[in-house]
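[1] I'd like to go over a predicted model; first the sequence, then the structure.
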Amino acid sequence: MSVIKSIQARVILDSRSDKTLEVDVWLDDGVRGRASVPAGASTGIHEAAQIKDMDQAKHNVNTLASLILGQDPSQQEQIDRTLLSTDGTEEKSALGGNVILALSLAVCDAAAQSRHLPLFKHIQELAGLKTGSRLPTPMFNIINGGKHADNSLEFQEFMIVPAADERSFREKLMIGADLFQKLRAVLHKMGHSIALGDEGGFAPRLNSNEEALEILVQTIEGANYQPGRDVTLALDIAASSIADLTPVTYPLDSNSYYKKLISTYPISSLEDPLAEEDWQGWAKLNALIGSSILIVGDDLYTTNPKRLAMGIQQKAANAIIIKPDQIGTLTETLQAVRLAERAGMTIIVSHRSGETESTFISDLAVGTGAAFIKTGAPARGERVAKYNQLLRLEEFLQENQA
Ligand code: PGA
Ligand code: ZN
């Protein structure tokens, strides 16, 4: 058994050039585990608190480090419990969700290496799920709006999703890459900007959300795929980031608008269609259209097992976004995954709009057998890194029949 020997924190940059935390955990067997923390722009109000003063964040890492030195890194739950009880607050405001997460994930990385296991395998053991390893189907955010772009599109993400069938991850990724490049040509021909938004998708100045959907359908057809069969559309409305949904859905109320929208376009998934506290609205919408598409809680749940338990009781959604930085420890992230799995919900592991080059979420998606992953467009290094790691994991699984 190896033990934690030393811990080092440093400040690095994320993809928006904001400062963020990276932590190295060294073991006495010479192994180094590493993790870094992404950041959202359209954050849910129930997310774990972040310490933005980086000197303070580093100081807090050192405070916590002294408590877990000498511990066995494979005891993830025990270590996370120590981190949580030292913070002592519900929202992790004393020491910071970002500080706690960097330590939690770096410990996990170190343990996997020390055990000579691929990271996803170690995560799979910690998760204790019956679902075997599987590659997630990617949801590619190829048109960016909302808080991720300076255009006027209210909806935050317009995604294309290859059919979640038996095809390999590699094939699905290549469909995404093909459509991304075709969309660039389509937008260019229409005279639109082909500059990229925060998540690597295009950020054209279109007249309406519907126009973005039309262009995507046209691009899919132009590439000889059948919309709705080969490739579907997914939206992240990020409703809590929209000041007022009324003019957006006018003259309909939001639920009637969404019902109409999914009958007009080949949409398979709606994320955060309503505000994060509108439990009743969510339950109504889920009852209305949840049998035909995914109703996905992101800001609604913030990867928080307690909020998820409330949502399950109220039948608020049938799918959940999993972002470790929303909750702050790996243990709680895996609790949320287990709870969602038991409730029969669809699991979507996700990046943040401000990302580092870390590929942890790729291993998390495979280790938890998540059905989907959201990690942006297949463009920009910090997004492509996650897709490329999934290619490696698929290759590993094919070679090892794991
Ligand atoms: P964020 O957006 O990382 O800016 O919060 C991602 C999302 O809402 O899914
Ligand atoms: Zn979202």
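    Cool, the structure landed. Ligands and ions are numbered 1, 2, ... in the order given.
[2] Alongside ligand 2, which residues does this protein contribute?
    Taking Cβ under 5 Å from the ion, the part of the chain that reaches ligand 2 is made up of 236, 271, 298. Yep, even glycine has a C-beta here, placed from its N, CA and C like the rest.
[3] Adding secondary structure, write those out as TSV.
    Below are the residues of the chain next to ligand 2 laid out as TSV (DSSP: H, G, I helix; E, B strand; the rest coil):
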residue	secondary structure
Asp236	strand
Glu271	strand
Asp298	coil
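[4] can I get those residues in JSON lines with pLDDT?
    Formatted as JSON lines, the residues of the chain next to ligand 2 follow (pLDDT from 0 to 100):
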{"residue": "Asp236", "pLDDT": "98"}
{"residue": "Glu271", "pLDDT": "98"}
{"residue": "Asp298", "pLDDT": "98"}
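[5] Tell me which residue of this structure lies closest to ligand 2.
    Asp298 (3.5 Å; Cβ to the ion).
[6] Report the central residue of this structure.
    Central residue of the chain (Cα atoms, centre = their mean): Ser350, 1.0 Å from the mean position.
[7] For that residue, give me its contacts.
    298, 321-323, 361, 373-375 (Cβ atoms under 8 Å, 6 or more residues apart in numbering).
[8] Now a ChimeraX select for only the buried ones of those residues.
    Applying 16 or more other Cβ atoms under 10 Å to the contacts of Ser350, the buried members can be selected in ChimeraX as follows:
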select :298,321,322,323,361,373,374,375
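[9] same for ligand 1: which of the contacts of Ser350 are within range?
    Asp298 (Cβ under 6 Å from any ligand atom).
[10] neighbours of the closest residue to Asn209 other than its chain neighbours, just the number please.
    Nearest non-adjacent residue to Asn209, counting by Cβ to Cβ, 6 or more residues apart in numbering: Phe155, 4.8 Å away. Neighbour count for Phe155, taken as other Cβ atoms under 10 Å: 26.
[11] can you check the one 10 residues further on too?
    Using other Cβ under 10 Å, Asp165 has 9 other residues around it.
[12] Please tell me how far it sits from ligand 1.
    As for Asp165, its distance to ligand 1 is 24 Å (criterion: Cβ to the nearest ligand atom, to the nearest Å).
[13] Check Thr359 too.
    Where ligand 1 is concerned, Thr359 sits at a distance of 17 Å (Cβ to the nearest ligand atom).
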